[in-house]
Every structure is written in C-alpha cells, then in structure tokens.
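Colleague: pasting the sequence and the predicted model now:
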Amino acid sequence: MKKLPIVLLVLLVASLIYGCSQQERATQFAIPDNYVPFPGTPSPAITEENTRTHAGDIFEQIRQQVAAVREQGETPVVVYDLDATLFDNRPRTLILIQDGAREIAEQLSEQERAILDSMNTSIVQYSVRKTLQDAGIHNEEVENSIFEYWWERFFTDEYVLLDDPVLGAVEFVNRVADLGVTTVYLTGRDTPKMRAGSLQDLEDHGFPVPNDSTVYLITKPQPEIRDIDYKRDAVEQISGYGTVIACFENEPRNSNLLASSFPDAIHVFLDTAHNPNRVEPLEPCLQVISHYLFPVE
C-alpha cells in the first residue's frame with residue numbers, strides 16, 4: 001500500500017477537521033438557559049431508517065414544496081398536532097400534581113410533601129403515575145388521589161392555558177404560514193371541553209389564529225373517540241383544504257397514519273413525549289426533530 005505524501009495527508013486531515021467543525025456550527029442552536037429537555041428521549045419508535053434533522057432543514061423542504069404546489073395551481077397545506085408537538089403540556093401536569101397534593105395535604109408525610117413541593121418539569125413524563133413514582137411517591141392512596149385530581153382537570157379549557165409552546169414552535173409555524181400555506185391544527189383535544197381553551201392558547205402565544213379560511217383548528221367531537229380513529233376520519237376533511245405537503249406529530253401511530261394518508265408529504269416526528277403504551281416503529285419517511293429552533297448562523 002502506497003503512503004500518502006505528507007502534504008496530501010495534512011490537507012486530508014485539515015479538510016476532515018474543517019468539515020466536522022462546519023457541521024457542528026451548522027447544528028448549533030440558541031437554546032435558552034432555562035430550557036428543560038423532555039425526559040425519556042429518544043423515543044423507542046425511532047429506527048435507524050429515520051433521519052434526525054432540524055427545523056431549518058425542514059423549513060427549506062417545505063419552501064420547495066410550496067413553490068412546486070403553487071406552480072400546479074394548488075393550495076399547500078401543513079398539518080400540526082398540538083400536545084407535545086406545538087405545545088409542551090408538562091407545566092399543566094406539574095401544576096395539577098402540586099395542586100392535587102395540596103388538596104390532600106393532611107394525607108402526606110413530611111417527606112412526600114417535600115418531594116411534591118420541589119418537583120419541576122424536568123421529571124414530568126407522559127404518565128402521571130410514573131412521574132410520581134420516579135419522584136419518590138410510593139403511597140398508592142396518595143398516587144390515586146393526585147391522579148384523579150389531574151384526570152378531572154387536565155382535559156379542560158381552563159388548564160390547557162397553562163401550556164407553553166415547544167421551543168421555537170411559534171416562530172416556525174408563522175414562518176411557514178408566511179410562505180402562503182394553509183395551516184391546519186389537527187388535535188386530539190375535544191370540542192366540548194378543550195376547543196375554546198385551545199383557541200385562546202394559540203392566540204395568546206402568537207400562533208396563526210384559526211379563521212376558517214387559511215387557518216383551521218380540528219378538534220374531536222367527543223372526548224371518548226379514540227385519537228387514531230378521529231384523525232383517520234379527519235383525513236378527508238383536510239384533503240379538501242388543498243394539497244398536504246407536511247405533517248408534524250409526536251405520537252408514532254398518528255405519525256404513521258398521516259404518512260400513509262399523505263404519502264407525498266414531508267412527515268416530521270417530534271421527539272418529545274408520547275404514550276409509552278402505543279409505540280410502533282416509525283415509517284422510514286419520518287424525519288425527527290426535538291424542537292423548532294433554526295441553527296445559529
């Protein structure tokens with residue numbers, strides 16, 4: 001085997017270092033100091049066939065799709081889920097856990113009270129019971145009482161207002177909307193108890209507000225309907241708004257459903273939080289992001 005001339009070797013090493021440094025710079029983000037990552041990530045639904053990327057890359061893909069669809073005289077449509085896709089609902093869960101604990105303060109030991117008072121969003125998971133257990137609460141009576149308090153209030157207009165946007169989501173959705181797309185929020189939140197609060201939450205945080213013209217909010221008619229069935233039924237309605245070019249979801253089953261329903265679209269999986277009991281491998285076309293921040297230039 002021939003040895004590389006020293007000059008070529010130096011140039012090769014330099015190019016590798018330069019390439020790596022360029023890649024690192026391209027994927028650096030201005031993440032706030034107070035940002036709390038979601039626990040339990042990466043999702044077990046993600047496979048080697050899924051590409052992990054970032055919002056800047058996804059935005060460029062959407063921009064190109066918008067141009068192509070517009071050239072054909074059609075209306076481009078982008079679909080977003082809400083919970084754990086555009087909104088971080090861990091603050092809602094945390095406040096309900098702590099409020100529920102105050103309701104049963106006399107049942108709590110000093111240690112349990114200290115644990116619950118000191119909890120923050122970094123420990124909040126999809127499952128309230130697992131959140132309590134991992135925090136150190138192993139009293140079944142206390143766990144049941146707090147869970148019931150959470151269950152009665154979590155799915156309501158009042159408490160949905162406690163959610164915060166996922167990092168970078170507001171800017172991203174607005175930038176995509178400015179490209180001239182129709183924005184569709186397809187959420188498992190139900191109409192009777194959560195639609196009014198969802199509308200208010202979107203407006204309060206600066207997301208494009210539903211107007212039944214270029215922005216739509218689709219909610220479940222009744223809470224007992226399974227999300228997967230309701231979203232499957234919503235596909236026809238969404239198709240009536242134009243050509244779906246991108247879908248954003250955090251639940252693996254819903255992500256795969258949308259991928260099969262709109263095979264020509266860009267499909268993005270938010271690696272945030274999802275139901276741990278409904279995990280299936282993501283379709284290979286699913287690209288993965290953890291937030292909506294653009295890389296720092």
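Modeller: Sure, I can see it.

Colleague: so where do the strands sit in the stretch 151-297 of the chain?
Modeller: For the stretch 151-297 of the chain, the strands defined by DSSP state E, counting those that start in this stretch occupy 164-165, 182-190, 215-220, 243-249, 266-270, 286-289.

Colleague: same list (these) but as JSON lines, adding mean pLDDT.
Modeller: Output for the strands of the stretch 151-297 of the chain, formatted as JSON lines (pLDDT from 0 to 100):
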{"stretch": "strand 164-165", "mean pLDDT": "98"}
{"stretch": "strand 182-190", "mean pLDDT": "98"}
{"stretch": "strand 215-220", "mean pLDDT": "98"}
{"stretch": "strand 243-249", "mean pLDDT": "98"}
{"stretch": "strand 266-270", "mean pLDDT": "98"}
{"stretch": "strand 286-289", "mean pLDDT": "98"}
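
Colleague: Thr75 is nearest to which of these?
Modeller: Of all the strands of the stretch 151-297 of the chain, strand 182-190 sits nearest to Thr75, with 5.6 Å by CB to CB. In this view, the C-beta of every residue, glycine as well, is placed from N, C-alpha and C.

Colleague: then that closest one to CSV, C-alphas only?
Modeller: The C-alpha coordinates for strand 182-190 follow below in CSV (Å, rounded to 0.1, in the frame of the first residue of the first chain):
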residue,chain,number,x,y,z
THR,A,182,-53.0,26.8,4.8
THR,A,183,-52.3,25.9,8.4
VAL,A,184,-54.3,23.0,10.0
TYR,A,185,-54.1,22.1,13.7
LEU,A,186,-55.3,18.5,14.0
THR,A,187,-55.5,17.8,17.7
GLY,A,188,-56.9,15.1,19.9
ARG,A,189,-58.3,17.7,22.2
ASP,A,190,-62.1,17.5,22.3
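
Colleague: which secondary structure elements does it contact?
Modeller: On a contact count with 3 or more CB pairs under 8 Å, 6 or more residues apart in numbering; DSSP states H and E, strand 182-190 meets strand 76-80, helix 169-177, helix 191-205, strand 215-220, helix 227-239.

Colleague: okay, buried residues for the fourth one please.
Modeller: This points to strand 215-220. For strand 215-220, a neighbour-count test (16 or more other CB atoms under 10 Å) marks Val215, Tyr216, Leu217, Ile218, Thr219, Lys220 as buried.

Colleague: next: the longest one.
Modeller: For helix 191-205, the buried set under the neighbour-count rule, 16+ other CB under 10 Å, comprises Lys193, Met194, Arg195, Gly197, Ser198, Leu199, Asp201, Leu202, His205.
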